[in-house]
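S.K.: using only what follows, build the 3D model:
(2 chains)
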Amino acid sequence: MTMALPVVDYLKLPEKGDPYLEGHKCTDCNSIFLGERSVCSNCSSRDKMETITLGRKGKLYTYSIVFRSFPGIDVPYISAIVDLDDGGTLKGNLIDCDPDPEKIEFDMPVEVVFDDALGRKDADGNSYISYFFKPIS
Amino acid sequence: MSDVYVLGVDMIKFGRFPDRTVPSLGAEATLMALDDAGLTIKDMEALYCGNLGQSSGMVGQRILQEIGQTGIPVVNCANACATGATAFREAWTSIKAGLYDVVLAVGVEQMGKGLLGGTGGGKGIPKEGLLGSGTMPAVFAEAGMEHSRKYGTTFEQFAKISVKNHHHSTMNPKAMYQIETPLEDVMNSEMISYPNSKLMCSVNVDGSAAAVLVSEKKAKELGMERVVKVKASILSSDPYQERDLVMPDVNTCTRKAAKEAYEMAGVGPEDIDLVELHDCFATAEMLHYENLGLCKDGDAGRMIDEGEVALGGRVPVNVSGGLLSKGHPLGATGIANIYEVCTHLREEAGERQVEGAKLGLTHVIGLGSACGIHILEKVN
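M.R.: Modelled structure (predicted):
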């Protein structure tokens, strides 16, 4: 059996320990990016990036409840933009929350959790680990 | 530098023409604009062509192969939904630079049906519905909900924008649809991405629009009776914003372009008599009332509630029916908006005429992002 793969490059699956998300922070202007880069698109500084581990807790910034997507994609689901408490912004599915605007509050605290990528596999049959947001009650 | 004028401008009625080709649609609008200008293709010194779907397909040259291969320089441009405005601005730039006196700008698109966007592509597995949604209705819903979080903007207020624009289009024979959509119909139509219901999403249509731009010297020579002056032409890209990586920003680039456009034209938002702005979704139009300075920040919901942006209101927005009902053929939209404003400044808009219109503004956004703004002025 093969190991599950990360859904995006910035999701890291260490041999020991929990999965985590990696950010790249400009040490000149503190902008945080997802994915490796050497130049900052905010202040244009070169080679000032440091690798950081992104935090697991954040707050819901904005969202949409998706009722129509591409064929084969399960709906409805909540597409969420989350500001992490320790810096950085992520987009992902908000799970364990009713897809109902009455039940979704801006700035509600959420946690980043890692799980199988909804059973999706690539052409070679590999499974994947993804990240999701879950409300913190 | 010479002032630049629109001498001729026109658009085809937007619709679905699966049996036509992109060049034939572009050629039709081009001939209409040439007729409007009283000129022929032989008078043109250059062609700037905007098309997205066949951006590597030499669409401008293929238009000339349909209507006259005169050997003039052709530039094909693609800039997402700002493609048409970019072609128009390139034409404007060439006259400003003193290279030419008479040039053509054409925008054309043939669209499929269905959702645009998506977080597909790349290696591994599809990300759509796994890492949120990259579909356009969802992306613009998220942008609209950012306005809701700041100002408490409601689903009903967003829906009213669609009611307004569909109402406007009942007076525009060139719009895809001429159908009234009462508020309950808009709010009860199929929910695509909350808060954007189906009637709050722009219509994918085929279409084309074209304009003949001339220098002041040429305008005086050919007659100033129906010309419209281009007071400002601005293009911006998206300045860095902290959420850029997950949330394309349509606000900052619009504010930047609007500020520069008002400065170039020497006017303020209070001087503008009508606006054609980028209502790709009802949620988007709400943002741009504030981005374009038509009201103070946080006042957009009141603008739509009180009818200030409807025909007859303080500053009518999208009297053409907008992208929501006139339709949104991506590459044509930026020139079709210019056609609409010119038609009002020429007092030729019929039933939907904005009375006494002297100054109009057009705005488009290409996600990724590009913002194009033009300010146009009545001459006679």
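S.K.: all contacts plus neighbour counts: C-alpha atoms, from now on.
M.R.: OK.
S.K.: the residue nearest the centre of chain A sits in which helix or strand?
M.R.: In chain A, the centroid-proximal residue (Cα atoms, centre = their mean) is residue A:90; its distance is 4.7 Å. Using DSSP states H and E, the secondary-structure element containing residue A:90 is strand A:89-94.
S.K.: following that strand, which helix or strand comes up?
M.R.: Once strand A:89-94 ends, the next helix or strand along the chain (criterion: DSSP H and E) is strand A:109-121.
S.K.: poorly predicted segments of the chain, please.
M.R.: Just going to use chain A. A:1-2 (pLDDT under 70).
S.K.: meant chain B, my bad for not saying
M.R.: Counting by pLDDT under 70, chain B contains low-confidence ranges at B:118-122.
S.K.: where do the helices of it begin and end?
M.R.: Counting by DSSP state H, chain B has helices at residues B:22-37, B:59-67, B:83-96, B:136-151, B:155-169, B:183-188, B:216-222, B:251-265, B:282-291, B:300-305, B:322-325, B:330-345.
S.K.: now tabulate those in JSON lines and tack on mean neighbour count and distance to chain A.
M.R.: Below are the helices of chain B laid out as JSON lines (neighbours: other Cα atoms under 10 Å in any protein chain shown; distance: least, Cα to the nearest Cα, whole Å):
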{"stretch": "helix B:22-37", "mean neighbour count": "23", "distance to chain A": "26"}
{"stretch": "helix B:59-67", "mean neighbour count": "20", "distance to chain A": "30"}
{"stretch": "helix B:83-96", "mean neighbour count": "26", "distance to chain A": "24"}
{"stretch": "helix B:136-151", "mean neighbour count": "23", "distance to chain A": "5"}
{"stretch": "helix B:155-169", "mean neighbour count": "25", "distance to chain A": "10"}
{"stretch": "helix B:183-188", "mean neighbour count": "17", "distance to chain A": "13"}
{"stretch": "helix B:216-222", "mean neighbour count": "15", "distance to chain A": "41"}
{"stretch": "helix B:251-265", "mean neighbour count": "20", "distance to chain A": "14"}
{"stretch": "helix B:282-291", "mean neighbour count": "24", "distance to chain A": "11"}
{"stretch": "helix B:300-305", "mean neighbour count": "19", "distance to chain A": "18"}
{"stretch": "helix B:322-325", "mean neighbour count": "32", "distance to chain A": "18"}
{"stretch": "helix B:330-345", "mean neighbour count": "30", "distance to chain A": "21"}
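S.K.: between those, which one is closest to residue B:359.
M.R.: For these, the distance to residue B:359 is smallest for helix B:330-345, at 7.3 Å, taking Cα to Cα.
S.K.: skipping its backbone neighbours, what lies nearest residue B:68 in space?
M.R.: residue B:41 (6.5 Å; Cα to Cα, 6 or more residues apart in numbering or on different chains).
S.K.: quickly note the distance from the one you found to chain A.
M.R.: Plainly put, residue B:41 is 43 Å away from chain A if you go by Cα to the nearest Cα, to the nearest Å.
S.K.: hang on, isn't that residue packed against residue B:67?
M.R.: Yes. The pair residue B:41 / residue B:67 is scored as a contact, 7.5 Å apart, by Cα atoms under 8 Å.
S.K.: which SS class is the residue lying closest to the residue nearest to the centre of chain A once chain neighbours are set aside?
M.R.: Nearest non-adjacent residue to residue A:90, counting by Cα to Cα, 6+ apart: residue A:82, 5.3 Å away. Secondary structure assignment for residue A:82 (DSSP: H, G, I helix; E, B strand; the rest coil): strand.
S.K.: check contacts around residue A:82.
M.R.: Applying Cα atoms under 8 Å, 6 or more residues apart in numbering or on different chains to residue A:82 gives the contacts A:58-62, A:89-91.
S.K.: burial of residue A:118, as a residue count?
M.R.: 13 (other Cα atoms under 10 Å in any protein chain shown).
S.K.: identify the residues contacting it.
M.R.: Contacts of residue A:118 by Cα under 8 Å, 6+ apart are residue B:130.
S.K.: measure it to residue B:131 for me?
M.R.: Distance, residue A:118 to residue B:131, by Cα to Cα, to the nearest Å: 11 Å.
S.K.: and for residue B:166?
M.R.: Taking Cα to Cα, one finds residue B:166 at 34 Å from residue B:131.
S.K.: do the same with residue A:71
M.R.: For residue A:71 relative to residue B:131 (Cα to Cα), the value is 16 Å.
S.K.: which parts of chain A are strands?
M.R.: A:5-6, A:11-12, A:20-26, A:32-34, A:49-53, A:57-66, A:77-84, A:89-94, A:109-121, A:127-135 (DSSP state E).
S.K.: so what secondary structure elements neighbour the fourth one?
M.R.: Going back to what we said before, that points to strand A:32-34. strand A:20-26 (3 or more Cα pairs under 8 Å, 6 or more residues apart in numbering or on different chains; DSSP states H and E).
S.K.: direction included, what does the strand it packs on pair against?
M.R.: strand A:11-12 (antiparallel), strand A:32-34 (antiparallel), strand A:49-53 (antiparallel) (DSSP bridges).
S.K.: run the chain-centre distance for the shortest one.
M.R.: Using Cα atoms, centre = their mean, to the nearest Å, the mean C-alpha position of strand A:11-12 is found 10 Å from that of the whole chain.
S.K.: residues touching residue B:241, list them.
M.R.: Taking Cα under 8 Å, 6+ apart, one finds A:42, B:249 in contact with residue B:241.
S.K.: cutoff 10 Å now
M.R.: A:31, A:41-42, B:247-249, B:252 (Cα atoms under 10 Å, 6 or more residues apart in numbering or on different chains).
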